[in-house]
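In: Next input, structure requested:
(one chain, ligands or ions: 1)
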Amino acid sequence: MSSDPLIALREFETEALAAIAAATNAEGLEAVRVKFLGRKQGRLKDLQALLGKVSPEQRPIVGKQFNEVRERTEQALEARQADLAKPKAAAGPAFDVTLPGEPFPLGKKHPLTQTMEEFKDIMGRFGFTVVDGPEVEDEHHNFIALNIPGDHPARDPLDNFYLSVAGRSADNPVMLRSQTSTVQIRVMEQTKPPIRIVSLGRVYRPDNPDATHSPMFHQMEGLMVGPDVTMAQLKTVLSLFAAAYLGENVTIRFRPSFFPFTEPSVEVDVSWKGGWMEIGGAGMVDPNVLRAVGYDPEEVTGFAFGLGVERFCMRRYGIDDLRAFYQNDIRFLRQF
Ligand code: DAH
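Out: As a prediction, the model looks like this:
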């Protein structure tokens, strides 16, 4: 420290201001304050001691200078304190808020969900309302009321998913439904004719998965019951449906077949690429089924059909492996 008090004051100020500016955080700044302005051992205290030694003529000048230096230093310290307390501006390059944002990848409905929604839409236009049924069923709805006898091959336990449910007796088991025809029974049990419904949903059969089989797939069941329901109406409804989903020039054909719950029964094909593709089964509701739900077959008749949902969707989009629907490969799903 210079023995000239004015020079010593100037040195003090220069060094104090530099130290204040260099402090990068509150603790650092506090250390600077203690070092330069501290009441006990700060450097300003030493300067004060010098003050006592100057001549009486010089004293007012040095005293004034002393006060000014102290004031400026204190002000600089306060300003720096306020500065360090401010939240820091984000580091990194400036951010251009006018740039387009990154689009969120939006999810979509599964192709089969889309297909079923379209089915409901088409059938709704023909006056069919949509009903739901449970996937866990009893044998009454899955077989017995549908006129499927105990020795029918469709009832082989190995061809069905029976469930073991605590407290449920073995002679009244539950199972995953193997067909949506169950809903025909549920609706007729609860409503009086006329009836015009469709029901869409999952069905289960213990098949090994391959290009055309899956242990779970989807069906659309249709049922129309009333005083004069005919096979011609069945054919018309299915023709209009196929044309609405697959295109105007699609035609359908019926092949005689057998189902326990319909008489007569047919298998239904639609024209496709110069040939025929099977889309499901149909027929006139068997009188035994009508009786099982308390209807009088002398008073009402009905038609029913069951179509494979996957099949329609596969043909429309040229998908050749059914498993694609269930693998959740985003590259496949994105196409729909
Ligand atoms: N339930 C049959 C099956 O899953 C399909 C079927 C055939 C449904 C004829 C019907 C019908 O309603 O009348 O193979």
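
In: which SS state does the closest residue to the ligand within the stretch 101-250 of the chain fall under?
Out: Evaluated by C-beta to the nearest ligand atom, the stretch 101-250 of the chain has Gln179 as its residue closest to the ligand, separated by 3.6 Å. (Each C-beta comes from the backbone N, C-alpha and C, glycine too.) With DSSP: H, G, I helix; E, B strand; the rest coil as the basis, the three-state label of Gln179 is coil.

In: sec struct for the closest residue to it other than its chain neighbours, please.
Out: In space, not counting the residues next to it along the chain, Gln179 is nearest to Val203; the distance is 5.5 Å by C-beta to C-beta, 6 or more residues apart in numbering. Using three-state DSSP as the criterion, the local structure at Val203 reads strand.

In: Just give me the neighbour total for Val203.
Out: Neighbour count of Val203, defined by other C-beta atoms under 10 Å: 23.

In: what do you get for the one 3 residues further on?
Out: For Pro206, the neighbour count with other C-beta under 10 Å is 13.

In: Show me the domain layout of the chain.
Out: Here the chain is described, according to automatic domain parsing, as comprising the domains 5-85, 111-134+178-333.

In: Just to be sure, Ile61 is in a strand?
Out: No. Secondary structure of Ile61, determined by three-state DSSP: helix, with no strand assignment.

In: what about it, distance to the ligand?
Out: Taking C-beta to the nearest ligand atom, to the nearest Å as the criterion, Ile61 is separated from the ligand by 111 Å.

In: Excluding chain neighbours, what is closest to that residue?
Out: The shortest distance from Ile61 to any residue that is not its chain neighbour, by C-beta to C-beta, 6+ apart, is 7.8 Å, and that residue is Leu6.

In: pretty sure that neighbour belongs to a helix, no?
Out: Yes. Under the criterion used here (three-state DSSP), Leu6 sits inside a helix.

In: What residues sit buried inside the helix or strand bottoming out on mean pLDDT in the chain?
Out: Taking mean pLDDT, DSSP states H and E as the measure, helix 43-51 is the helix or strand of the chain with the lowest mean score, a mean of 85. Taking 16 or more other C-beta atoms under 10 Å as the basis for neighbour counts, the residues of helix 43-51 that come out buried are Arg43, Leu44, Leu47, Leu50, Leu51.

In: was I right about Thr129 contacting Ser199?
Out: No. With contact defined as C-beta atoms under 8 Å, Thr129 and Ser199 do not form a contacting pair (9.8 Å).

In: Could you check which of the two is surrounded by more residues?
Out: Regarding Thr129 and Ser199, a neighbour count based on other C-beta under 10 Å identifies Ser199 as having more, with 24 against 13.

In: for the more buried one, helix, strand, or coil?
Out: Secondary structure, three-state DSSP: Ser199 is strand.

In: who's in contact with it?
Out: For Ser199, the contacting residues are Val130, Val131, Asp132, Gly133, Thr180, Val183, Val187, Met220, Glu221, taking C-beta atoms under 8 Å, 6 or more residues apart in numbering as the criterion.

In: Just to be sure, which of these are found in strands?
Out: Judged by DSSP state E, the subset of the contacts of Ser199 located in strands is Val130, Met220, Glu221.

In: If any of those are buried, put those into a PyMOL selection.
Out: For the buried members of these, the matching PyMOL selection, counting by 16+ other C-beta under 10 Å, is:
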select buried, resi 220+221
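
In: which of the ones in strands among the contacts of Ser199 are close to the ligand?
Out: Intersecting those with the contacts of the ligand gives Glu221 (criterion: C-beta under 6 Å from any ligand atom).

In: need the ones in strands among the contacts of Ser199 in CSV with pLDDT, can you?
Out: Formatted as CSV, the entries for the ones in strands among the contacts of Ser199 read as follows, by pLDDT from 0 to 100:
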residue, pLDDT
Val130, 98
Met220, 98
Glu221, 98
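
In: all strands of the stretch 101-250 of the chain, in order?
Out: 129-130, 136-138, 162-163, 174-176, 195-204, 216-226 (DSSP state E, counting those that start in this stretch).
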